Every structure is written in structure tokens, then in C-alpha cells.
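# Quick check, what structure comes out for this input:
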Amino acid sequence: MKAPASVVLVLAVCLSTVVPSSAAADKTLSNVRGTVSVDQGPGTASQPVAVNASIAIANNDYAVTGGVVNGVASQGAIQLPDSTQILVGQSTRVQMKAFDQQPNLTTASFIILSGKLRFAVKHPGGAKANYTFQTNTGQIAVRGTEGDIWAPQPGALQVNVYEVTDPNLPVEVTLNNGKVYKLSAGQTLSVGIVGAAIVAGASAGASSSSSSASVTSTSQSTMSNFSEFGAVSNSAAVGAAAASAAAASSGGIPAIAAVAAGVAAVGGVVVGVSGGGKSEPSPSPANVHISVSSLAFTPGTGPQSFTVSQSGFAGAFHASSDQPSVATVNATATAALALTPKSTGTFTVTPKSNGNATITVTGGSGVTSSIPVSVQANKIVVPSSLPTFTTLNQKQNFTATETYYTGGFTAKSSNPAVAKITSPGSSSSSAAGQFTVTSIANGNATIAVSDGLGHTSPVSVTVTATAPSPTPTSIPICIGETTGGRDRDARHHMDPAIVMAPNKLSPAANPTCTPPPARVTNPVVRPPQPQPHPIGPQPPVTMPGRLPGMPTPPPMPGPP
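Next comes the predicted model:
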């Protein structure tokens, strides 16, 4: 029968991942990996720090880290002149409020707005160190200690202590309700957190209470929330031996113990059996399951959501986009308020512009899973045609739009002699997609609208304008005889127009005038008028006397 064995754990990776400062007298922020920046507060521009580079920081500056980049959690490192090192976890914002180094005492204060820290506060040359970390839940006072702090939200706090240089100077945590907790090496304070889960009563804005705060021995579960930092130093493990042994004797599972014979390293975590038993690896953490294999955004589709789950984990999942200009994702999602066999969290992805991105989700024990995101707006929306132009120099406007596209547009007319295209800036390009078409001549044309991605959409144009009659530049005047005189006297009784216009000119044939048509005058036939017959005897007709030169008339015949 196999003898009972106690499990011992030793975390074997130290803080050597911190990039050393090039100037020991300066306070610096280094980029260990991912995205790291520094700023002077809300509303100020952030100054990015390149990977493996350092930048000097001053009191009141903020150190800010991004999420997961290329599957790896972002991490920064603050190096202080007293040799203290502070690792800044992913999605963390911390302010270095003050730092003052005197010959016998170094004081420093930090404000953790959100996220995680791993601190290694030193005692340089026998001097004392007094560090405080303020959170929304309480204040942590540290004097020569190595440990972790997680402030996920107001009312929730976790502090792990791995090493205490002086046993008489434990870590003191003072909560907002006035409760004070003292932590020695190998102990953990969980406020509103059980294992890796945030419990009820630790919601945003809730005040911490003694009923939701407890001190326990540091366990694998409580350490899993800080797995992105790697393992703590060997010195911390050795310094925690006594506390771990006490936890074991009381039935608890020690998180840190002295290095024992027969212990073997497996994946950075040392697991073994006391007394030289066989080494066995610790169980691998469960995979993070994502409800969809990919996300695709096409024109007309809005934000989409997906759920994540991980067996045995009910803490806060973290998500990040490697291309936030293409698609963004809300940073965190709390899976549940209690540890359950399988918990889920929900994330929402919002498309921003055309392209591809990868969303990476990090769960318990630093386990990650990713999904690809595609944002493709493949159609420029424009009117298929414009109303027919009925006059020349007529103007009509239209606007081009494209979902998830933030660039500009260009437009070109297939027949500029028929339709000319301009934008408000009198060019063929428009950042807002606004264009004006002007009719030039009758005919047809096609306006081709293009984006910066190679997409093109047509707009048909038809011009059927009626040209106005030309205005004459001269008026021919024909000179001829008037209609007065003999011509008028001869025709006035036949042509009433002549009677009404006696001074009208009669056109005469010349090179600029066309002769009038020949006028044909019909003869006037007058009927004979009846003559009155005299009544009674009439006097004889007396012929006038013959005038000189007149011929002698013939004699009148006599009566029969």
C-alpha cells in the first residue's frame, strides 16, 4: 500500500524577466512584452514604450498596459532606485503617486486603478522600506516583501504574500470598512473572492466586509490568477516554508514549501512527493472554449457577441484584439459569482473598418484561445442613376457610403464632355463621399465611384437638354418703293392692307431680300346700270357748236 504523501510545490522562475534599468538612479518603466505606455493622467496623450525599451517616469505618472498581443499577455516593469521591482500585468493602470528615498528610509505610494501587480520590495543597505498600494477596496502596506495584488473591481481584492524579509513586519491590509489583516509568507487575503472566483457582494461599488474577507494559505487556485507573471523567486519559496508547513498541519494545501529531496521541475512548477517519491506533473488547466470559430462582418451587420467557458474556472476572462482599428472587444467578462464546474462569460465585438483581426481570450491559469475576425464592406452604396438632366449646366448631388469603411472616395466620368464630376473641394476625391454632377452636353455617361480598397460602383447619367433658339446678330432691311402714289391709287380698291398701311415699303429684290410673290389682279366687272327713260316729249338735242379743229359730224338722218 502506498504511503500517504504530502504535496510540495516550488515555483522556480524568478523576476529575472524584468528589463534592468540603464540608469540605476532613475525611476523607469520598461516594456517586457506586448503594449506598454506612460501618461500623465486622463485626457493626456500616452507615450508608448517599445518592447525591451525603458522610459523615465516621474511622480504622478501612470503606467498602462494593453491586453493580449499575439497570444501573449502584455507586461510592463517598474524599476526603482532602491532596487525594488514591480511587474505590471495585462490590462492594468497604476499610478506611481510618490517616491522618496532617504539614507535610512524609502517611502513610495502607488494607486492601482485596475489590474494586477507583482512586487518585490527590497531593503537597500539595511535601510527600511515603506510601500503602500491603494485600491478601491483597501490599502496594502508592504515592508520588504514579495507578493501579488489583484484589484479586479471595487469590493474585490486579492493579495498573495510569498516572502517576508522580517517576520516582525508582515503585510498589512486595511480595508475601507476599517478591518485590518496581517499576512505572513504563504498567506492569501481574498476579499469578495473565493479561489479564482469573485463572489456575491463584490460587485462594482459594493463595500468590503469582514464576512466576505478571509485569510487562507496560498493555494494553486489563488496563484492561478497571477500565472501571467510566471513563478516567483526561489528565495520567496524558502522564506514561506514555515507558513506552508503550518497550513499543511491544519489540513490546508500548502502553496509554497521548502525545496525537498526528490522534487522535480515540470513546466516551471515543481511538483513532488516528500521522501523521494515519484514526481508527477500537475493537471493541465482546462481549455478556454469559445462559442464561435470565427466572426465575419458584412455590410449591414452590427456588433456580434460570443461566449467563453472554462471548466473549473469562474473568474474574470480577459479579451483583446490585435487590430483594434479593425475590430474592438470589451476587455473583461466575469464568468460567474461562484466556482462552478463550468462557467461562461460573454464578449461583444464591434467592427471598425475593413480588414482582419484576431480576438484572444485569456482564462484561468493564463490559458488562451483565439478566433479570427473578418470585416469586409464589399459594396459602395450610390444611386444607380440620377434623374435625367433637362438643361445644360444643371447640377445634381449624390453621396457615396460604405459600411465599416473610413477612407475617402474618388469619382470619374466616362464622358466628361457630357457630364462633369466634382466634389465640394472642386476635385474628383471626397473624404465624405459627396459629389456634384454637372451636365455639359446631350448624351450618356457613367460615373464610377471607387474606394481605397479596390471596390467600384457605377452611377448612370443621361442629358437630354433642349438647346434654346439662337439670338440673331443682324436684321435685314429691304428697301423698295412705297405703296403710295400711283401704285396705291391703282390698288387701294383691291388690297385693304394697302389702304390700312399707305406708307409700307414694297420689298425689292436684292441679295439679302427675297422678292415678294407676283401679285395677280383680277379684272373688275361692273354690271350695266339701268338708264331712266324720259316720259313725254323731249326737246331736241342740241349739239354743241363745232370747235376749231374738230371734224365735221355726218348729217343726221331725217325722219322716215
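# Flag every buried residue along the longest strand anywhere in the chain.
When the chain is parsed with DSSP state E, its longest strand is strand 105-120. By neighbour count on 16 or more other C-beta atoms under 10 Å, the buried set for strand 105-120 is 106, 108-112, 114-120. (Each C-beta comes from the backbone N, C-alpha and C, glycine too.)
# which among the residues you listed gets closest to Glu146?
Among the buried residues of strand 105-120, Ala120 lies closest to Glu146 (C-beta to C-beta), at 4.6 Å.
# any idea how far that closest one lies from Leu87?
The gap separating Ala120 from Leu87 is 8 Å, by C-beta to C-beta, to the nearest Å.
# swap in Asp451?
Counting by C-beta to C-beta - Asp451 and Leu87 are separated by 45 Å.
# Ser184 too?
Relative to Leu87, and taking C-beta to C-beta, Ser184 is found at 22 Å.
# returning to what we had before: please identify the pairing partners of the longest strand of the chain and their relative orientation?
Strand pairing for strand 105-120, using DSSP bridges, gives strand 85-88 (antiparallel), strand 93-101 (antiparallel), strand 128-134 (parallel), strand 145-153 (antiparallel).
# nearest to Gln529, of those?
strand 93-101 (131.5 Å).
# And the helix or strand harbouring Gly345, what does it pack against?
Following DSSP states H and E, one finds Gly345 within strand 342-351. With contacts taken as 3 or more C-beta pairs under 8 Å, 6 or more residues apart in numbering; DSSP states H and E, strand 342-351 sits against strand 304-311, strand 316-321, strand 327-329, strand 332-334, strand 355-362, strand 368-375.
# 7 Å - rerun?
strand 304-311, strand 327-329, strand 332-334 (3 or more C-beta pairs under 7 Å, 6 or more residues apart in numbering; DSSP states H and E).
# tell me the angle it makes with strand 304-311.
150 degrees (axes from the mean of the first three to the mean of the last three C-alpha atoms, to 10 degrees).
# what lines up beside strand 342-351 in the sheet?
strand 304-311 (antiparallel), strand 327-329 (antiparallel).
# Looking at these, spot the one closest to Ala357.
Counting by C-beta to C-beta, and looking across all of the strands paired with strand 342-351, nearest comes strand 327-329 at 4.5 Å.
# and the closest one, what's its mean pLDDT?
Strand 327-329 carries an average pLDDT of 90.
# ok, now stretch 461-480?
72.
# that older thread, out of Asp451 and Leu87, which sits in the busier spot?
With neighbours defined as other C-beta atoms under 10 Å, Asp451 and Leu87 compare such that Leu87 has more, 25 against 21.
# what bridges to that one?
Beta-bridge partners recorded for Leu87 (DSSP bridges): Ala77, Arg118.
# can you check Thr456 too?
Counting by DSSP bridges, the residues bridging with Thr456 are Ser450.
# pLDDT score for it?
At Thr456, the pLDDT value in this model is 89.
# tally of neighbours for Pro167?
Around Pro167 there are 11 residues (other C-beta under 10 Å).
# element containing it?
Going by DSSP H and E, Pro167 is not part of any helix or strand.
# Can we start the residue count at 792 from this point?
Yes, from this point I'll number from 792; that puts the last item at Pro958.
# Can you tell me the SS state at Ser1144?
coil (DSSP: H, G, I helix; E, B strand; the rest coil).
# quick revisit: the helices and strands packed on strand 1133-1142: which one's closest to Asp891?
strand 1123-1125 (34.2 Å).
# Tell me the one of the buried residues of strand 896-911 nearest Asp830?
The closest of these to Asp830 turns out to be Ile902 (C-beta to C-beta; 14.0 Å).
# what bridges to that closest one?
Gln886, Gln925.
# which one of the buried residues of strand 896-911 is nearest Val1250?
Of these, the one sitting nearest to Val1250 (C-beta to C-beta) turns out to be Ser905, at 50.3 Å.
# Do I have it right that that closest one meets Ile940?
No: taking C-beta atoms under 7 Å as the definition, Ser905 is not a contact partner of Ile940, at 11.4 Å.
# And Gly1224, how close does it get to Asn843?
Noted for Gly1224: a distance of 43 Å to Asn843, by C-beta to C-beta.
# the more surrounded of the two?
Legend: neighbour count by other C-beta under 10 Å for Gly1224 and Asn843, higher for Gly1224 (23 against 10).
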